[in-house]
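Visitor: Just need the structure, nothing else, for what follows:
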Amino acid sequence: MTEVSPALRILPEILLTVTGVLVMLVESVLGVKTSRKPLGALAIFGTLATLVASVYQLQLPAGTAFFGTVQSDAFSVFFHLVIGGIVLVTLLVSLDYFEGHSSYVGEYYALILFGAVGMMLMTSSVELLMVFISLEISSISTYILAGYRKRSATSPEASIKYFLLGSFATAFFLYGIALCFGATGSTNIYEIAKGVAGGASPLLLTVAFGMMLIGLGFKVSLAPFHVWTPDVYEGAPAPVVGLMSTAPKAAAFAVLLRIAYGAYGTLAHVWMPLIWILAILSMTIGNLGALTQRNVKRMLAYSSIAHAGYLMVAFTALAPMGIAAASFYTAAYAAMNVGAFAILSYLSGFDEKRTNLSDYAGIARRHPVAAAAFAVFLISLIGIPFTAGFFGKFYVFTAALNSGNAWLAVIGLLNSGVAAFYYLRLLAQMYMVTEEQTVAPDNVHARPAFVLGVAILVLAVFALGIFPNRALRLARAGAATFAAQATAAQNISAAVLPR
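Guide: Numbers count the residues shown, from 1 in each chain. This next block holds a predicted model:
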């Protein structure tokens, strides 16, 4: 077999890094009053090249590089494509968002690219210390991006809250890594799997898993680690919220899948009850919290907590079915949630003056195309048939049922019914308003880049809902590869154990 160059194993990350550096270098020579759109175009070009590189990695045999710290396989490529797609659409939506409002737009594009480097490295890392470094790269970028509207009172506050609580959660994750090393003598996921299968310090390993679960639970807004989410989502710029509510979550869920199924597969009976509790808490608290919100961004923040709970339902299914269901739902959720925040950024503008539910009364008469796109994303979040949200939930709940977790699936379905109320309430505000209640039109114009970004998301929502087979095949291929590698590591350990 031909040896694969280590650089090819991290080719998408290299391209993003080079593009980010180029953006910063070009930014330094531009005049103060010069448009920064060319920098955005450069970032978009680099992201497209990254997506092509990710597809190319599918042709490579699965394998590791850099002393076994990173691994490229179908599982990592799936999440590379999801994260790359999110970044591409975010850049398209943001191309005109900051125009005329900020003189530091170049740094915005560079931060998105550097954050994506960390997220992609997280999905391909099989060494927990590399995961930690990648997590920090991703987190530092999103902390800054959350406070990018510096003249707003809420944006710097959101950034500080996110930074303080995020640092606290990262400490839990790092301490869990230390405990794993103490129990198994390694921080490599497959070496840990051998130690777990060999019965090394089960109590210490359980505490380690709990610590890492707390750290990652914060990143994906799982209840009860969700307290930062509504305030940060409300204060951060809408395009940034679309990014940070999906891409870092996709990366964190990929890491959690590797840890749960890859390292701790033989201790599933120990961590499964924890996943049950977090899934039920997240679905219930998220949906009940969203019911009481009059601010649309806060409503969608609680909604994201609930969707994290739906995704955790997939973790209770048996591998590789649960891995594939979680992977597919991550892609489906990304398409509809990024789209919802993209429309919010368009309708509310840079200053985000339109954020309350009442501000959307009759909006369909003033902005019919934007309202129609918003409606598509909302009905997908509900889980209406022929949308990505429907098939994603169907696949997750089916996986749970096939694994004997019928009650968890029932709780998820009941929560989906509760969620339909607040989504439909917003739709009713947009469409079911008399002519007298509609306020005068405002001057908001969609630019080509924004229209292209939203069109991609609308097509993705329907493509994943009507023709999900291609994405599903890739998710299943990644799950099968991942499950086979984890099983092999556990079997090697079993073979060398004294009888």
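Visitor: For residue 201, which non-adjacent residue is spatially closest?
Guide: residue 183 (4.0 Å; C-beta to C-beta, 6 or more residues apart in numbering). (Glycine included, C-beta is placed from N, CA and C.)
Visitor: What is the neighbour count of that neighbour?
Guide: Residue 183 has 20 neighbours, counted by other C-beta atoms under 10 Å.
Visitor: do residue 186 as well
Guide: 16.
Visitor: Would you mind listing where the stretch 251-400 of the chain has pLDDT under the threshold?
Guide: Residues of the stretch 251-400 of the chain that meet the criterion pLDDT under 70 lie in 319.
Visitor: before we move on, the earlier item: residue contacts, the residue nearest to residue 201?
Guide: By C-beta atoms under 8 Å, 6 or more residues apart in numbering, the contact list for residue 183 reads 195, 200, 201, 204, 205, 208.
Visitor: out of these, which are inside helices?
Guide: 195, 204, 205, 208 (DSSP state H).
Visitor: how far away is the first one from residue 273?
Guide: When C-beta to C-beta, to the nearest Å is the yardstick, residue 195 and residue 273 sit 22 Å from each other.
Visitor: ok, the two, which is more surrounded?
Guide: Neighbour count, other C-beta under 10 Å: between residue 195 and residue 273, residue 195 has more, with 19 against 10.
Visitor: Distance check, the more buried one against residue 281.
Guide: Counting by C-beta to C-beta, the gap from residue 195 to residue 281 is 30 Å.
Visitor: Over to residue 327?
Guide: For residue 327, the distance to residue 281 - C-beta to C-beta - is 23 Å.
Visitor: More neighbours: which of the two?
Guide: Higher neighbour count among residue 327 and residue 281: residue 327, with 32 against 18, using other C-beta under 10 Å.
Visitor: Work out the gap between the helix or strand where that one lies and the centre of the chain.
Guide: Secondary structure assigned from DSSP states H and E places residue 327 in helix 321-348. Chain-centre distance of helix 321-348: 8 Å, with C-alpha atoms, centre = their mean, to the nearest Å.
Visitor: tell me what that helix is packed against?
Guide: helix 74-94, helix 238-244, helix 247-257, helix 296-315, helix 368-382, helix 388-402, helix 448-466, helix 469-496 (3 or more C-beta pairs under 8 Å, 6 or more residues apart in numbering; DSSP states H and E).
Visitor: between the ones you listed, which gets nearest to residue 344?
Guide: Proximity to residue 344 (C-beta to C-beta) singles out helix 238-244 among those, at 4.6 Å.
Visitor: Low-confidence ranges, the stretch 51-200 of the chain, go.
Guide: 99-103, 200.
Visitor: Tell me where it has strands.
Guide: 63-65, 70-72 (DSSP state E, counting those that start in this stretch).
Visitor: Need the winner for burial among the ones you listed.
Guide: Most buried of those, by mean neighbour count (mean count of other C-beta atoms under 10 Å): strand 70-72, with a mean of 24.
Visitor: residues in contact with that one?
Guide: Here strand 70-72 has contacts from 8-10, 57, 60, 62-65, 121, 124-127, 130, using C-beta under 8 Å, 6+ apart.
Visitor: what do you get for stretch 224-236?
Guide: 145-149, 152, 154-159, 161-162, 165-166, 169, 214, 217-218, 221, 241, 244-245, 281-282, 285-286, 289, 293, 295, 297-298, 300-302, 304-305, 355.
Visitor: Could you report the neighbour count for residue 197?
Guide: 21.
Visitor: Please tell me how far it sits from residue 189.
Guide: 13 Å.
Visitor: now residue 253
Guide: In terms of C-beta to C-beta, residue 253 sits 15 Å off from residue 189.
Visitor: same for the helix or strand hosting residue 41, what does it pack against?
Guide: Taking DSSP H and E as the criterion, residue 41 maps to helix 37-57. The contact analysis (3+ C-beta pairs under 8 Å, 6+ apart) places helix 37-57 against helix 11-29, helix 74-94, helix 105-124.
Visitor: Could you rerun that using 10 Å?
Guide: With contacts taken as 3 or more C-beta pairs under 10 Å, 6 or more residues apart in numbering; DSSP states H and E, helix 37-57 sits against helix 6-9, helix 11-29, helix 74-94, helix 105-124, helix 448-466.
Visitor: residues touching the closest residue to residue 312 other than its chain neighbours, list them.
Guide: Nearest non-adjacent residue to residue 312, counting by C-beta to C-beta, 6+ apart: residue 279, 3.8 Å away. Residues in contact with residue 279 (C-beta atoms under 10 Å, 6 or more residues apart in numbering) are 222-223, 308-316, 400, 405, 408, 411-412, 415.
Visitor: Help me confirm that residue 367 comes into contact with residue 347.
Guide: Yes - Residue 367 lies in contact with residue 347 (C-beta atoms under 10 Å); the separation is 6.6 Å.
Visitor: okay, the two: which has more neighbours?
Guide: Neighbour comparison, residue 367 and residue 347: the larger count goes to residue 347, with 24 against 20 (by other C-beta under 10 Å).
Visitor: what's the distance between that one and residue 255?
Guide: 34 Å.
Visitor: repeat for residue 422
Guide: Taken as C-beta to C-beta, the span from residue 422 to residue 255 is 30 Å.
Visitor: Same drill for the two, tell me which one is more crowded.
Guide: It is residue 255, of residue 422 and residue 255, that has more neighbours when counted by other C-beta under 10 Å, with 28 against 24.
Visitor: hang on, that one packs against residue 134?
Guide: Yes - Residue 255 lies in contact with residue 134 (C-beta under 10 Å); the separation is 8.6 Å.
Visitor: what touches both of those two?
Guide: Common neighbours of residue 255 and residue 134 are listed as 119, 122, 123, 125 (criterion: C-beta under 10 Å, 6+ apart).
Visitor: among these, who's most crowded?
Guide: residue 119 (34 neighbours).
Visitor: Now do the host helix or strand of residue 423 against helix 321-348, angle only.
Guide: Following DSSP H and E, one finds residue 423 within helix 406-431. Computed by axes from the mean of the first three to the mean of the last three C-alpha atoms, to 10 degrees, the angle separating helix 406-431 from helix 321-348 equals 20 degrees.
Visitor: In helix 406-431, which residues are buried?
Guide: For helix 406-431, the neighbour count (16 or more other C-beta atoms under 10 Å) marks 408-409, 411-412, 415-416, 418-420, 422-423, 426-427, 429-431 as buried.
Visitor: tilt between that helix and helix 368-382?
Guide: For helix 406-431 against helix 368-382, the angle between stretch directions is 170 degrees (the same axes, to 10 degrees).
Visitor: Helix 406-431 packs against which elements?
Guide: helix 268-291, helix 296-315, helix 321-348, helix 363-366, helix 368-382, helix 388-402.
Visitor: circling back: let's see the PyMOL selection covering just the buried ones among the contacts of strand 70-72.
Guide: Of the contacts of strand 70-72, the buried ones go into a single PyMOL selection, burial set by 16+ other C-beta under 10 Å:
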select buried, resi 8+9+10+57+60+62+63+64+65+121+124+125+126+127+130
